[in-house]
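> Attaching a predicted model along with its sequence, questions to come.
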Amino acid sequence: MQGIYLTIALAPLAAAVIAGLFGKAIGRAGAHSVTILGVGLSCALSFYVLYQFLFNGMPAYNGTVYTWLVSDGLNMDVGFLIDRLSALMMVVVTFVSLMVHVYTIGYMHDDDGYTRFFSYISLFTFSMLMLVMSNNFLQLFFGWEAVGVVSYLLIGFWYTRPTAIFANLKAFLVNRVGDFGFVLGIAAVLRYTGSLDYATVFAHADRIAAAQIQISSSIAWPAITFTCICLFVGAMGKSAQVPLHVWLPDSMEGPTPISALIHAATMVTAGIFMVARMSPLFELSETALSTVLIIGSTTAFFMGLIGIVSNDIKRVVAYSTLSQLGYMTVALGVSAYGAGIFHLMTHAFFKALLFLAAGSVIMAMHHEQDMRKMGGLRKYLPITYWTCLVGSLALIGFPATSGFFSKDALIDAVHMSHRTGHGYAYFCVLSGVFITALYTFRMFFMTFHGQPRMDQHTREHLHESPWVVTVPLILLAIPSAVIGWLTVEPVLFGDYFKGALHVLAANDVLAEVGEEFHSSAVEFLWAGCKALPVWLAALGVFTAWLFFLKRPELADAAERRFKWLHTILVNKFGFDWFYENVIVAGARRLGGGLWRVGDQIVIDDGFVNGSARTVGWLGSVMRYAQSGYLYHYAFAMILGLASFLMWLLWRT
């Protein structure tokens with residue numbers, strides 16, 4: 001099987017190299033053909049691996065491909081851990097990536113960077129696969145940084161736009177903050193276990209749990225809490241959790257296909273996957289899990305609120321991603337790792353669908369993204385309309401859709417938890433259901449219903465997108481609608497993740513939720529339809545219909561009445577202002593001060609130019625002693641000899 005695993009990882013890399021280095025030689029058709037072939041092969045083999053786990057009982061694989069470096073007895077290997085967790089992630093990553101590759105043929109058709117873009121997204125797929133397939137922290141960190149680098153390239157793909165350059169630099173810098181914590185966490189793991197291999201680290205997790213980090217003579221921190229929080233700081237950067245979330249909305253500056261890939265299956269899911277993979281460590285620290293819970297619930301609630309006032313169709317979906325990542329993080333925080341990964345899987349399908357549907361709308365609108373200039377697109381874009389409706393229903397957790405099965409189980413798990421902060425988290429995720437339905441169907445109604453608000457030229461040229469765009473929409477809409485029915489029992493309440501995720505018996509809230517799940521998804525559906533989240537979602541849809549379709553003047557009146565709240569939301573709670581005017585401006589002032597004091601005064605005027613001036617002054621003084629007259633030199637010699645004799649007499 002090792003050959004299959006190598007092919008899964010390396011096929012997208014080989015395609016990226018061919019398209020990137022030989023793009024001019026093979027042309028546009030060659031570039032998209034080779035990358036689709038590479039990712040398609042990887043996707044097919046990933047499904048084969050998952051099939052072997054599900055139906056043939058294949059055991060997990062943990063092996064080393066090669067040893068990269070040995071230093072002081074520490075092996076730094078490249079290897080694979082293929083269990084049911086990584087197999088599921090491999091399928092999600094490759095399938096969504098394949099859909100994005102096909103979609104890109106239509107979306108980027110007229111772009112000058114066509115072959116370069118295909119090379120980048122194929123490289124992105126390889127980077128994420130190396131991350132989810134890794135069996136050690138070194139390879140995990142390689143994939144972690146690789147997805148960061150490629151996201152930098154893709155967010156700033158249109159590098160002639162100042163906004164794109166600002167956005168990719170912002171993403172890069174914010175992730176450096178998170179990655180600093182991530183590196184500290186890995187260093188702590190190495191310090192206390194002496195290994196970077198997952199199996200060895202997890203087997204010796206008790207060593208970290210027993211250790212203390214002495215902060216001062218009277219203060220000591222549990223090493224396991226420090227380690228897990230540092231690792232989670234890395235996840236906060238990659239998965240855009242408050243306060244390291246500010247880069248994700250700005251990533252919309254990249255082309256729409258990469259927005260779908262980043263938000264659905266690659267970069268932002270890396271942090272969720274990493275925490276789930278590290279469950280044997282996180283289970284040993286209640287403090288770390290409570291931190292995860294509070295950060296996730298804060299993100300889920302407050303980032304969803306911003307989506308209500310956003311008018312850019314892509315940014316609405318982006319803030320939806322922030323909120324849904326918060327839901328996944330909340331699940332991790334209450335030890336419902338399976339629910340978090342399950343929601344990650346279902347979310348990948350309907351979030352990719354929503355982004356690609358938004359891209360189809362943008363194409364039809366000649367790259368207009370403001371929803372206030374849309375409306376009435378239903379009759380012009382029927383396939384986009386119906387697939388977007390499926391994605392929207394799945395996002396709000398409409399009964400029988402995939403989002404219903406994953407989100408409602410997650411909320412129930414939070415409700416049954418007793419971890420510190422669970423009450424606050426339950427309020428946030430429950431309120432978030434209404435908020436999600438409100439901003440989702442605000443977007444849907446403003447885009448597809450009501451009176452057309454575009455200019456006459458745009459209206460005359462409106463038409464459905466080509467098949468390379470609509471086919472991926474249809475193929476993503478299918479799992480968005482039905483995947484929950486097929487997977488809720490084994491993945492959420494069965495033993496699918498047995499051996500891959502570790503949960504202490506006292507923390508297993510998902511088992512308590514599963515006690516109400518008896519034999520079929522139908523019973524779960526029936527019970528869920530009577531639950532509060534479904535009614536909150538229905539209320540959110542009704543509110544969106546009333547305020548933004550039936551009587552839009554109510555929305556204008558509400559905006560005037562609550563101008564203060566609208567201003568706060570439009571300004572994104574002041575995070576961007578704080579970072580730009582306090583953190584960044586402060587860093588610039590500090591750097592400028594250090595440059596003036598350190599570089600100019602101390603170094604230039606002090607050591608460098610100052611030493612030169614001192615030597616010059618000393619030389620100018622010494623020059624007077626070199627007169628050329630013999631009696632001057634004789635006098636100096638006599639004076640020196642007299643001084644020497646006086647010193648001898650004084651000494652004796």
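Good, I have the coordinates. Numbering: from 1, shown residues only.
> so how far is the first residue of stretch 495-515 from its last?
Stretch 495-515 stretches 14 Å from its first residue to its last (C-alpha to C-alpha, to the nearest Å).
> and that stretch, which residues are buried?
496, 497, 500, 501, 502, 503, 507, 509, 510, 513, 514 (16 or more other C-beta atoms under 10 Å). Bear in mind the C-beta positions are built from the backbone N, C-alpha and C, glycine included.
> any idea how far it is from the chain center?
26 Å (C-alpha atoms, centre = their mean, to the nearest Å).
> Name the surrounding residues that touch that stretch.
60, 83-86, 202, 276, 279-280, 283, 334-339, 341, 409, 412-414, 416-417, 419, 490-493 (C-beta atoms under 8 Å, 6 or more residues apart in numbering).
> now the residues you listed: which count as buried?
If we count by 16+ other C-beta under 10 Å, the contacts of stretch 495-515 have these buried: 83-86, 276, 279-280, 283, 334-339, 341, 409, 412-414, 416-417, 419, 491-493.
> Among these, which lie within helices?
Assigned to helices by DSSP state H, the following of the buried ones among the contacts of stretch 495-515 qualify: 84-86, 276, 279-280, 337-339, 341, 409, 412-414, 416.
> ok, which pair from these is furthest apart?
86 and 416 (28.1 Å; C-beta to C-beta).
> how many other residues sit next to residue 54?
13 (other C-beta atoms under 10 Å).
> which secondary structure elements does the strand or helix carrying it contact?
Assigned by DSSP states H and E, residue 54 falls within helix 23-55. Under the contact criterion of 3 or more C-beta pairs under 8 Å, 6 or more residues apart in numbering; DSSP states H and E, helix 23-55 touches helix 2-21, helix 84-107, helix 114-133.
> hmm, back to that, please identify which of the ones in helices among the buried ones among the contacts of stretch 495-515 is nearest to residue 14.
Of those, the one sitting nearest to residue 14 (C-beta to C-beta) turns out to be residue 86, at 20.9 Å.
> which ones are touching the closest one?
Contacts of residue 86 by C-beta under 8 Å, 6+ apart are 132, 133, 500.
> Which residues are in contact with the first one?
Under the criterion of C-beta under 8 Å, 6+ apart, the neighbours of residue 132 are 86, 89, 90, 93, 143, 273.
> rerun that using 6 Å as the cut-off
86, 89, 273 (C-beta atoms under 6 Å, 6 or more residues apart in numbering).
> And the pLDDT for the nearest residue to the second one once chain neighbours are set aside?
With C-beta to C-beta, 6 or more residues apart in numbering as the measure, residue 132 is the residue that lies nearest to residue 89, at 4.1 Å, once sequence neighbours are left out. Predicted confidence (pLDDT) for residue 132: 96.
> how close does residue 132 get to residue 312?
Distance, residue 132 to residue 312, using C-beta to C-beta, to the nearest Å: 31 Å.
> Over to residue 552?
18 Å.
> How about the helix or strand hosting residue 576, which residues are buried there?
Using DSSP H and E, residue 576 falls within helix 575-578. Residues residue 575 are the ones in helix 575-578 that count as buried (16+ other C-beta under 10 Å).
> roughly how far is it from the heart of the chain?
Using C-alpha atoms, centre = their mean, the offset of helix 575-578 from its chain centre is 19 Å.
> In which helix or strand does residue 303 reside?
helix 286-309.
> Contacts made by that helix with the rest, please.
225, 228-229, 232, 241-242, 282, 316, 319-320, 322-323, 326-327, 329-330, 332-333, 419-421, 425, 428-429, 431-432, 435-436, 438-439, 569-570, 572.
> swap in stretch 51-68?
With C-beta under 6 Å, 6+ apart as the criterion, stretch 51-68 contacts 1, 75, 76, 77, 78, 79, 81, 82, 83, 84, 87, 135.
> If we use 7 Å, what do you get?
For stretch 51-68, contacts defined as C-beta atoms under 7 Å, 6 or more residues apart in numbering pick out 1-2, 6, 75-84, 87, 135, 199, 499.
> This completes my enquiry, with thanks.
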